[in-house]
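> the sequence and its predicted three-dimensional model are supplied below.
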Amino acid sequence: MPPTAKPGFRQRFRCYFRWCRISLLFLVLLLLGSLTYLNRVGLPEFLKARLVSELRARGVILKFTRMRLRWYHGLVAENVSLGRADDPAGPHLSMGEADLRLDRTALHKLHFQINSLLLHDGQLVVPLVSTNEPPERFIVNNIITELHLLPDDQWQLDRFQALCLGARVNLSGTLANASAIRDWQFKRATNQPPGLWQRQLLQLVKISRQMQFSRPPDILLNVRGDARDPASITADLRFSARHADTPWGKLEKLLLIAKLNRRLGSHDVGHSELKLQIADARTPWGQAGLSRLYVHWAQSFTNPMPSEVKLDWEISDVNTPWGEIPQARFTSRTVLSSDGSGRLKTELTLDSGVFQSEWFQLKTNRLTAQLIHSPDSVLPLQTDWQWAVEKPHARWGEAQDFRLNGHADRVASKSPPQADPSSAWWTALEPFHIDWESQIDSVTLTNVFVDKISLAGQWRAPELTIQKFHADLHGHQLDASAQIHAATREARAQSSFDFDAHRIESLLTPHLRRWLGQYSWPDPPKVTARVRVILPACTNTHPDWRAEVLPTLQLDGELQTGEATFRGVPVSSAQSHFGFSNFVWQLPDFVATRPEGRVEFSYTSDIQNHDFRFKLRSRIDPLALKSLFEGERPAVFDYFQFHEPPLVEGEIRGQWLAPEKFGAIVRVSATNFVFREVPIRELAALVQFTNRYVTATDVMIRGGGPLVSASGVGYDLATRTVYLTNAFSTMDPRLITHAIGPRTEQILSPYTFKKPPTARVNGWVEVRRGKNSDLRFELTGGPFHYWKFNVPQISGTVLWVDETVTITNLQADFYRGKLAADMFFDCTVPHESDFGLRASVSGADLHQLMADISSPTNRLEGVLNGDLTITKANSGDWESWNGFGNVKLRDGFLWDIPLFGIFSTALNAVVPGIGNSRVSGCTATFTIANSVIHTDDMNIRSPAMRLAYRGTIDFKGRVDARVEARLLRDVWIIGRIVNFILSPLTKIFEYKVTGSLEEPKKEPLYIPKALMFPFHPIRTLKELFSEEKPNPSPSVEKPPQ
């Protein structure tokens, strides 16, 4: 075999290159396979164990499902979780991925040193479980951050971003000795209930759901410190939000900046400050333009309670339903007590400057307070406050300044709480004892000026007491006190005052002003009062005061006054107790004194049904009450004049809104008074009023000797009807008619009794028009005068029924004779009446009758008898009389009557004296038609002649008659013979008579005037040649109607 040639350099190079290439490709394949394995399968367990150990050594406890190699990311741990997996109820932080950044220098030395962790897609979940509510979770989503594990056990957190409760969170920080976090122990304070932070976090979750923002808020937090010294950790926080809409209102901008736990000198004390700015906040309680809050506190690392807290809050353009504040500032400072008790002392100050509302305005408003409280309770143990206001001004008044100071102590109570926490407003005040005082100077209320108002009070649960309320008004005082029991809502008050109530009229309602305007006094009255009432529950925002509170109101007191005037009625003094309870006002013992006497009454009034009741006893002059009547005063006051005040006793009751239910019973006694110029010595009556009907019983009026009495007098206001029962009078009718009135006196003036008659009256009469009536008068008395008639005694019965008046059984002594008459009057037509009458006269002396009618010196004589019946007549028409009658005269003398003496002169010329012989008898019957008397059978008999009259005479005295004279007709024995012999000459003595009753004219019927010339030549010539003139109607005096 031939010897092998040695390879050359190129051949060896190519061989070496091939093996290198194969090896490199193998290594590449091996590397790619390893990388693929590490990417797909993950790191081997020994590598993961080394990395976890490295992280644990750096203070990071990391749990994951696998770790693999990712292109461009390096080592990536997937499904990473931090926290305790065996505590499902605890917080749990999970990451989708965590990139481990290794130190390349160390890796070259095959050392696994992790420089940082880049966390992706993280989520923090805190389960929140509460009883009686569905479970909730606090979640922080989309966590992305990088944690740098720096040398010397230092952590640095960069670019932490997340979403939490709708806000964007950015977190950064640096922590030295970070591995010491494993040694932190979070212990619950001894006074902290379990699960407190969970409940607070649950409340935060619920609130966040109710808040909306135009864009997510931003939260920036930077934390720095040493994990071995947690007290050294500081933080800077910034929270900003815009256009927030919350359950408590809306705001335009919110900015919160906080610097926490800064060390400024002492290494044992950390200082923190917080700045909060809110712009354009609008809430249901009001709105503010700009609000800035500054809080600074210092806290020892060994004591969880801050050693000092300062707060400064400025707010501007505040507008609330209660008022507006342009600028306000609230400051406070809280420090630990120096006595070592561990308590806190707080000083508060509020300066609001001008405060203006719809109701009042304050020029300055400053409130300061000093509080002592324990660290474990918000409620102070002790509080002092001072509130000062300058120039408070309201719609109803203003003051110079206002001050309110107080002190409160929280005391331990061994008894269980009395207040219901769900409804009692005073629950928070129950543990406190509070004392306070206040003063208001130079108060002006509308037109009322009060020099000073002072108040003082205290609170001792459950009772609020106003120990002092004092006001100075124009030299007079008002003092009051009050107590309110918060549990029972019972309020009691006591008050006394002696100021002039007229000075506070501008504060009263129009109704009270009108009521008070009825009173006046030179010195104001003194009033004391006590009140008890049950107030409405505080939860009742719209109480029905009349239905709920008024039934519980009880009021009692008394008043005293000196000289005073009620609606112009002056009194020397007045006093009374008063009270109100169960809807009833009471004045049990009112007494008013005047110079002439006093009035006493008791009064009750029910404001529910408006019933009232007076019991009255008065001995004052009624004329003093004239001023009570507004406008034109009743004329009845002008009728009386009292020399002694009457006594009035009785009871009045009724219903204010129902006049028909008014009733009264009053006994009246009066002496020595004058009514319409009529003196009355005594009056007594029992007066009752009910159902609009006035009744007076046991009426007695005595004027010296004469008496007026009645068993009963009634007046119906509805029908205006007067009722009389057994009315009796012996008083002069002229006094009665004068007392009734001038018209009645004028109408009845023609009817005169020289001595008071006896009268009895029963029945009723309508006062208004008198068309309905039924009265019976029984009169007896005399002497009586009417027109020209005078009778010594008269009696009769008058029946007044509706519009008719009937006089029956009229009996009178008539000029030595008797008169009996019955009359009937129909008064339907005003001022005149149709009437009729029937009268009978017997034995009347003609001479005395004619002496009253015509002339006291007449020579007429005779005894007169007659009957007169008027069937129809009218009192207003003198020519309307119709009727009939007869007349008889005996033993008389009539020739002085011109109508009857026309033949006396002729007969006396034949036989002296025969023409004036006495009349033995005169008879006549007559009729009356339209006031014209007609007779056909009038005969006058005398020894000389007999005269026969036929004709008429009217009420004006005009005569139209025929008279026939029969000479010597009635001469004894020979009269008939002589009459027969002279019968042919009878026609000579037959005349026609005209003219008047006083001046009759006679004319012979059958003998011409010329033949009478020899007997009367001159008179005959005068009658023949004179012109005929009509006879004027004689004036006849009419009787009064």
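Structure's in. What do you need?
> ok, which stretches of the protein are helices?
Secondary structure of the chain (DSSP state H): helices located at 9-40, 45-57, 104-108, 196-209, 510-516, 733-740, 742-748, 846-853, 904-910, 975-981, 1017-1025.
> averaging pLDDT over each of the ones you listed, which comes out lowest?
Comparing mean pLDDT across the helices of the chain, the weakest is helix 1017-1025, with a mean of 45.
> residues contacting the one residue sitting closest to the centre of the chain?
The residue lying closest to the centre of the chain (CA atoms, centre = their mean) is His511, at 7.1 Å. His511 makes contact with no residue under the criterion CB atoms under 8 Å, 6 or more residues apart in numbering. Where you see a C-beta, it was placed from the backbone N, CA and C, and this is true even at glycine.
> separation between it and Ser520?
Using CB to CB, to the nearest Å, one gets 18 Å for the distance from His511 to Ser520.
> how about Trp71?
110 Å.
> more crowded one of the two?
Shown here are Trp71 and Ser520; by other CB atoms under 10 Å, Ser520 has more neighbours (15 against 8).
> mind checking how far the nearest residue in space to the more buried one that is not next to it in sequence is from Lys626?
In space, and not counting its chain neighbours, Ser520 is closest to Thr565: 4.7 Å by CB to CB, 6 or more residues apart in numbering. Per CB to CB, Thr565 is found 13 Å from Lys626.
> likewise for Gly166?
Taking CB to CB, one finds Gly166 at 86 Å from Lys626.
> buried ones in stretch 867-875?
By neighbour count on 16 or more other CB atoms under 10 Å, the buried set for stretch 867-875 is 867-870, 873-875.
> quick one: least confident of these?
Within the buried residues of stretch 867-875, pLDDT is lowest for Ser875, at 83.
> which intervals of the stretch 601-750 of the chain have sub-threshold pLDDT?
631-633, 704-705, 739-741, 743-744 (pLDDT under 70).
> quick one, strands of it?
611-618, 640-642, 647-655, 658-675, 678-690, 693-702, 707-716, 721-729 (DSSP state E, counting those that start in this stretch).
> those strands into CSV, with extra columns for distance to Ala844 and mean neighbour count?
Below are these laid out as CSV (distance: least, CB to CB, whole Å; neighbours: other CB atoms under 10 Å):
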stretch, distance to Ala844, mean neighbour count
strand 611-618, 57, 17
strand 640-642, 46, 16
strand 647-655, 53, 17
strand 658-675, 40, 16
strand 678-690, 36, 17
strand 693-702, 38, 17
strand 707-716, 34, 18
strand 721-729, 30, 18
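> which of the ones you listed sits closest to Gly921?
strand 721-729 (44.7 Å; CB to CB).
> pairing partners for that closest one, with directions?
strand 707-716 (antiparallel), strand 758-766 (antiparallel) (DSSP bridges).
> contact partners for the nearest residue to Val335 once chain neighbours are set aside?
Spatially, and ignoring its direct neighbours in sequence, Val335 is nearest to Glu308 (5.0 Å; CB to CB, 6+ apart). Contacts for Glu308 (CB under 8 Å, 6+ apart) come out as 297-298, 333-336.
> repeat that for 10 Å
Glu308 makes contact with 269, 271, 296-299, 333-336, 344 under the criterion CB atoms under 10 Å, 6 or more residues apart in numbering.
> buried subset of those residues?
For the contacts of Glu308, buried by 16+ other CB under 10 Å: 269, 271, 296-299, 334, 336, 344.
> farthest-separated two in those residues?
Largest pairwise distance in these, by CB to CB, is 17.5 Å, between His271 and Leu344.
> hang on, the earlier thing: quick check: pLDDT value at the residue nearest to Val335.
Value listed for Glu308 in the pLDDT field: 85.
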